[in-house]
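[1] fold the following and give me the result.
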Amino acid sequence: MVYPDYPQSLDRRKASRIYWVDSEAEVVMIPSNTQHRITGWILDISPGGFKVKPELPQKVAEFFSERGEIYFETFEDFFQLKGQGRVIWASPNANTIGIQFDRLDEESKTSLYGFLGMPPMG
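    Next comes the predicted model:
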C-alpha cells in the first residue's frame, strides 16, 4: 500500500484506520486493459486508496481484473485526485471494487491529506 511521501513516523496501518472517511465523490476511471472511461462513486477513502461503486450494468468482477492497473481522476470541489492505482479486490455482490494508490501527483496528495484531516506533510 502506498502513502505517497508521507512521513515514515506515521504507522501506515494505523493511518488507514484513523484517516478513513465516507464520501460520495464522482470518479472517472480508465482500466489499463480496456481504455474505456468508466464513471463511478467513491464510497470511502483513506490514505492508501478508496472503495468505489462503478456505474456499470454488468458485475464489476467481469470488467475489472484484480491487480489490474487503473487510472483515475475526480473533479469535485472539496477534493481532487489524479493518479494511478490497482484493483486489489472486487465484490460482485455489492458491485464495488477496492483501488490501492500507486501514484498521486503533488496536488492530489495535498488535497487528499487535507480532506482526510491529516497533518501537513513536512
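[2] buried residues, the helix ranked longest in the chain. List them.
    The longest helix of the chain (DSSP state H) is helix 106-116. For helix 106-116, the buried set under the neighbour-count rule, 16 or more other C-beta atoms under 10 Å, comprises 108, 109, 111, 112, 113, 115, 116. Any C-beta I mention is one placed from the backbone N, CA and C, and that applies to glycine too.
[3] how about stretch 47-58?
    47, 48, 49, 50, 51, 52, 53, 54.
[4] tell me the mean pLDDT over that stretch?
    Stretch 47-58 carries an average pLDDT of 85.
[5] now do the end-to-end distance for stretch 88-100.
    End-to-end distance for stretch 88-100: 6 Å, by C-alpha to C-alpha, to the nearest Å.
[6] send me the longest helix of the chain as PDB with only the CA atoms.
    C-alpha atoms of helix 106-116 as PDB (Å, rounded to 0.1, in the frame of the first residue of the first chain):
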ATOM      1  CA  GLU A 106       1.600  16.500  -5.600                       C
ATOM      2  CA  GLU A 107      -1.600  18.500  -5.800                       C
ATOM      3  CA  SER A 108      -3.600  15.300  -5.300                       C
ATOM      4  CA  LYS A 109      -1.600  14.300  -2.200                       C
ATOM      5  CA  THR A 110      -2.100  17.700  -0.700                       C
ATOM      6  CA  SER A 111      -5.900  17.600  -1.500                       C
ATOM      7  CA  LEU A 112      -6.300  14.100  -0.100                       C
ATOM      8  CA  TYR A 113      -4.400  14.700   3.200                       C
ATOM      9  CA  GLY A 114      -6.400  17.900   3.700                       C
ATOM     10  CA  PHE A 115      -9.700  16.200   3.000                       C
ATOM     11  CA  LEU A 116      -8.800  13.400   5.400                       C
END
